[in-house]
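Asker: Test case, fold it:
(one chain, ligands or ions: 1)
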Amino acid sequence: MKVLVADSDRFTHSLAEPWARLIQLVQQTGVYSHVVAASGSFGKNIVPRAAALLDVSPVTDVTEISEPRQFVRPIYAGNALCTVRYTGADPCVLTIRSTSFPVDLQAADSKSNEAPISQVDLSTFEEESIGKSRYVKLASQDTERPDLGNARIVVTGGRGLKSSENFKMIEKLAEKLGAAVGATRAAVDSGFVPNDLQVGQTGKIVAPELYMAFGVSGAIQHIAGMRDSKVIVAVNKDSDAPIFQVADYGLVGDLFEVIPELIEKLPENFK
Ligand SMILES: Cc1cc2nc3c(=O)[nH]c(=O)nc-3n(C[C@H](O)[C@H](O)[C@H](O)COP(=O)(O)OP(=O)(O)OC[C@H]3O[C@@H](n4cnc5c(N)ncnc54)[C@H](O)[C@@H]3O)c2cc1C
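Answerer: You can find the predicted model right below:
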């Protein structure tokens, strides 16, 4: 078994058209049984194109690897889990939900020392440019907040916040907790925050130790992105809001009273 990990840093920063380079690499070497990418925006961009051009069917959003060619993945927005056996030709192309696997890579290394890791030299593949696009620069937001994808605590605001001005309360609470800020699609579509903060089926998949949802109804597409959080706290003024069905702690109340009180009462050195 030889696995090629298409990691976004290496493929995006050093090369144009990462999907085309990936295909080149797989076809020219012909040694890979598996091609794996994380199930983020990079993986969702390159994997379908690469798989189509390699004429194989990708298995996406893998949450469990039960055998080298048998995987578990969510379907129906995470309401059911499906076991899939890949029976196609090599390579078996996968995207992996990183939140479903332990982050402790050192622990993984110590258990799996029979699998040597080798870096692939991509420089030789750079010469034949396809020329339809090229890497210019990486622009990322300069923020001290933890990354939404792997934060220990996530504080999310929904449409219940009503405006971008009010959404600053969420940011202030997150700051106090050392948390990342998340948002629902309705909050993003209403222009309260940029769309890289969206959590859910068409946003980021998160699984923090603590997920706090304020003014979030709990639509199935939102739940799909945060249901694996260890502890879920929800504040909503509607006691019938579906978010309470997945919450470990639910408070029926007005977020405009609850958030300022939390900010005031949390100690300064909470982090
Ligand atoms: C194909 C598809 C993909 C989608 N992908 C996503 C996705 O990735 N992520 C996502 O989030 N959504 C997604 N959606 C949208 C999703 O269906 C919902 O519309 C959205 O999640 C609702 O966001 P919300 O809970 O902020 O808004 P609403 O449903 O409007 O809920 C607002 C909530 O705030 C509460 N509230 C209002 N005022 C207060 C107050 N003062 N105090 C306390 N509570 C208050 C209300 O009771 C209500 O429950 C998708 C939809 C489709 C069709």
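Asker: what's around the closest residue to Ser190 other than its chain neighbours, how many residues?
Answerer: Distances taken as Cβ to Cβ, 6 or more residues apart in numbering place Arg159 nearest to Ser190, at 6.1 Å, with adjacent residues excluded. Every residue, glycine included, has its C-beta placed from N, CA and C. Residues lying near Arg159 (other Cβ atoms under 10 Å) number 17.
Asker: my read: Arg159 touches Gly191, true?
Answerer: No. Contact criterion Cβ atoms under 8 Å: Arg159 and Gly191 do not qualify, at 11.1 Å.
Asker: Backbone dihedrals for the closest residue to the ligand within the stretch 1-150 of the chain, please?
Answerer: In the stretch 1-150 of the chain, no residue comes nearer to the ligand than Ala77, which is 8.2 Å away by Cβ to the nearest ligand atom. Per-residue torsions, Ala77: phi 50, psi 40 (degrees, to the nearest 10).
Asker: Spit out the contact partners of the residue nearest to it when sequence neighbours are not counted.
Answerer: Spatial nearest neighbour of Ala77, chain neighbours left out: Ala224 (4.1 Å); criterion: Cβ to Cβ, 6+ apart. By Cβ atoms under 8 Å, 6 or more residues apart in numbering, Ala224 lies in contact with 74, 77-78, 200-201, 205.
Asker: Distance check, Ala224 against Val154.
Answerer: Using Cβ to Cβ, to the nearest Å, one obtains 15 Å as the distance from Ala224 to Val154.
Asker: Show me what the helix or strand hosting Gln28 is packed up against.
Answerer: Per DSSP states H and E, Gln28 falls inside helix 18-29. The contact analysis (3 or more Cβ pairs under 8 Å, 6 or more residues apart in numbering; DSSP states H and E) places helix 18-29 against strand 3-5, helix 8-14, helix 41-54, helix 123-126.
Asker: Can you tell me the strand partners of the first one and which way each runs?
Answerer: Looking back up the chat, that one is strand 3-5. According to DSSP bridges, strand 3-5 has the following sheet partners: strand 34-38 (parallel).
Asker: What are the contacting residues of the partner strand?
Answerer: By Cβ under 8 Å, 6+ apart, strand 34-38 touches 1-8, 22, 26, 43, 46-47, 50, 68, 91-96, 98.
Asker: List only buried entries from these.
Answerer: Among those, those scoring as buried are 4, 6, 8, 22, 26, 43, 46-47, 50, 91-96, 98 (criterion: 16 or more other Cβ atoms under 10 Å).
Asker: So which of those is the closest to Asn166?
Answerer: Proximity of those to Asn166 (Cβ to Cβ) peaks at Ser98, which lies at 31.9 Å.
Asker: The closest one against Ser39, yeah?
Answerer: Yes. Between Ser98 and Ser39 there is a contact under Cβ under 8 Å: 7.1 Å.
Asker: mind listing what Tyr76 touches?
Answerer: Counting by Cβ under 8 Å, 6+ apart, Tyr76 has no contacts.
Asker: ugh, wrong one, I meant Gly157
Answerer: Contacts of Gly157 (Cβ under 8 Å, 6+ apart): 167, 169-170, 181-184, 187, 192-193, 214-216.
Asker: what ranges do the helices span in the chain?
Answerer: Using DSSP state H, the helices of the chain run over residues 8-14, 18-29, 41-54, 105-111, 123-126, 164-177, 185-189, 220-223, 243-246, 255-265.
Asker: Tell me which of these lies nearest to Glu144.
Answerer: helix 164-177 (8.6 Å).
Asker: elements contacting the closest one?
Answerer: Helix 164-177 packs on strand 153-157, strand 180-183, helix 255-265, going by 3+ Cβ pairs under 8 Å, 6+ apart.
Asker: which outside residues touch the longest one?
Answerer: In other words, helix 255-265. 160-161, 166, 169-170, 172-173, 176, 214-215, 235-237, 251.
Asker: Could you check the pLDDT of Val181?
Answerer: Val181 is assigned a predicted lDDT (pLDDT) of 97.
Asker: If we ignore the residues flanking it in sequence, what's nearest it?
Answerer: Ala174 (4.8 Å).
Asker: ditto for Arg73
Answerer: Per Cβ to Cβ, 6+ apart, closest to Arg73 is Asp61, 4.9 Å.
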